[in-house]
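Chemist: no sequence on hand, only this structure:
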């Protein structure tokens, strides 16, 4: 059970309220209290679970996408995806996914549809599981100890996986498609290198705002308030990705240390840091709302339960 204090529902709040509360609140104190809230909500455990499922979604989703593209003769898409992975995912993690893409391209070219269908079904299942984990993590951050009933929770998670999950995937691809993308550069020519960053940020922000709106089991504030929270999540994810990429590029021994497992380890680390950034962004939003509602304590104090006294032994001997 987490000890994060419950955030009162202040559903009438707008983006103007978020900006005013932020200006009236100490920035450093807000960040500290948000970290306390994240820890009290057991956010790092939720991040580990989300990271594991996200890595499965990435591998399965890329295999299904590239495989079906190759099966229908679209070779350019697979080349674009390989270039996107190299540009967006740091170090050996990108190499691991690139190898998976190459194998999927061979499977698709040979018209082996059963593995591709299994990959598509697996992507939907793991994507739904990931959205269920996001609901659990967001609920605990807002101080909600109980999730929705099972059918309601995972039915909603499936819809979010198809809708918001697709939005995040498109945002990722927009971020990743580089300056020389055949598809987008051909359409927008010289403007694409400058448009892809704001477009990617907008798509990722809207997708995360949708998760913040419909994942927690509570009545959320207005969209403009949630957009602020989503921007914090996106900024944290971008910083984590850039910092992790720089760290891997400066480390000459990472691949030698982990050998053939380097790609798997790097992928797991990147998804873990990304999940922490997303949950921390949600904690900032929850804490800011708690401050606005006049309940700034991020953690509740547990009362010490009395120690149970040992029972007297009962004899069944006649």
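Modeler: Great, that's in hand. Keep in mind that what you see is a predicted model, and the values were worked out from it rather than measured. Numbers count the residues shown, from 1 in each chain.

Chemist: show me the helices in the chain, by range?
Modeler: Using DSSP state H, the helices of the chain run over 15-24, 27-40, 43-71, 75-88, 91-109, 113-141, 150-176, 182-188, 192-214, 223-250, 254-258, 262-292.

Chemist: quick one: which of those helices is nearest residue 4?
Modeler: For those, proximity to residue 4 was assessed by Cβ to Cβ; helix 27-40 is nearest, at 4.1 Å. Using the backbone N, CA and C atoms, a C-beta is placed for each residue, glycine as well.

Chemist: so which elements touch that closest one?
Modeler: Counting contacts by 3 or more Cβ pairs under 8 Å, 6 or more residues apart in numbering; DSSP states H and E, helix 27-40 packs against helix 262-292.

Chemist: buried ones in the helix it packs on, by neighbour count?
Modeler: 262-263, 265-292 (16 or more other Cβ atoms under 10 Å).

Chemist: low pLDDT regions in this protein?
Modeler: Residue ranges of the chain with pLDDT under 70: 1, 13-18, 73-103, 105, 108-109, 175-194, 252-261, 302-318.

Chemist: ok, now which ones touch the most centrally placed residue in it?
Modeler: When Cα atoms, centre = their mean is applied to the chain, the residue found nearest the centroid is residue 275 (4.7 Å). If you count contacts by Cβ atoms under 8 Å, 6 or more residues apart in numbering, residue 275 has them with 46-48, 50-51, 54.

Chemist: kindly recompute the last result at 10 Å.
Modeler: 43-44, 46-54, 130, 133-134, 137, 237, 240 (Cβ atoms under 10 Å, 6 or more residues apart in numbering).

Chemist: follow-up on the earlier one: which one of the helices of the chain lies closest to residue 301?
Modeler: So among these, helix 27-40 is nearest, using Cβ to Cβ, at 10.5 Å.

Chemist: so what touches that closest one?
Modeler: Contacts to helix 27-40, defined as Cβ under 10 Å, 6+ apart, come from residues 2-5, 7, 21-22, 25-26, 43-44, 46-47, 137, 140-143, 232, 276, 279-288, 290-291, 296-300.

Chemist: and it, what's buried?
Modeler: Those would be 30, 33-40, for helix 27-40 by 16+ other Cβ under 10 Å.

Chemist: residue 119 reaches residue 59, doesn't it?
Modeler: Yes: between residue 119 and residue 59 there is a contact at 8.7 Å, judged by Cβ atoms under 10 Å.

Chemist: confirm for me that residue 287 is in contact with residue 26.
Modeler: No: counting by Cβ under 10 Å, residue 287 does not reach residue 26; the two are 11.8 Å apart.

Chemist: now, of the contacts of residue 275, which are buried?
Modeler: 43, 46-47, 49-54, 130, 133-134, 137, 237, 240.

Chemist: nearest to residue 172 among those?
Modeler: Nearest to residue 172, judged by Cβ to Cβ, of those is residue 237 at 9.9 Å.

Chemist: isn't that closest one right next to residue 54, touching?
Modeler: No: applying Cβ under 10 Å, one finds residue 237 not in contact with residue 54, separated by 11.5 Å.

Chemist: intersection of neighbour lists for those two?
Modeler: In contact with both residue 237 and residue 54: 168, 274-275, 278, using Cβ under 10 Å, 6+ apart.

Chemist: farthest pair within the residues you listed?
Modeler: Maximum distance among the shared contacts of residue 237 and residue 54 (Cβ to Cβ): 12.5 Å, for 168 and 275.

Chemist: common neighbours of these two, please.
Modeler: Common neighbours of residue 168 and residue 275, using Cβ under 10 Å, 6+ apart, are 54, 237.

Chemist: please state the offset of stretch 290-304 from the chain centre?
Modeler: A distance of 26 Å separates the C-alpha centroid of stretch 290-304 from that of its chain, computed with Cα atoms, centre = their mean, to the nearest Å.

Chemist: give the buried residues for it.
Modeler: 290-292, 298-299.

Chemist: pick out the most distant pair among those.
Modeler: 292 and 299 (18.0 Å).

Chemist: for the residue nearest to residue 115 when sequence neighbours are not counted, give me its contacts.
Modeler: The spatial neighbour of residue 115 that comes closest, neighbours along the chain excluded (Cβ to Cβ, 6 or more residues apart in numbering), is residue 107 at 5.6 Å. Neighbouring residues of residue 107 by Cβ under 10 Å, 6+ apart: 63, 66-68, 70-71, 113-116, 119.
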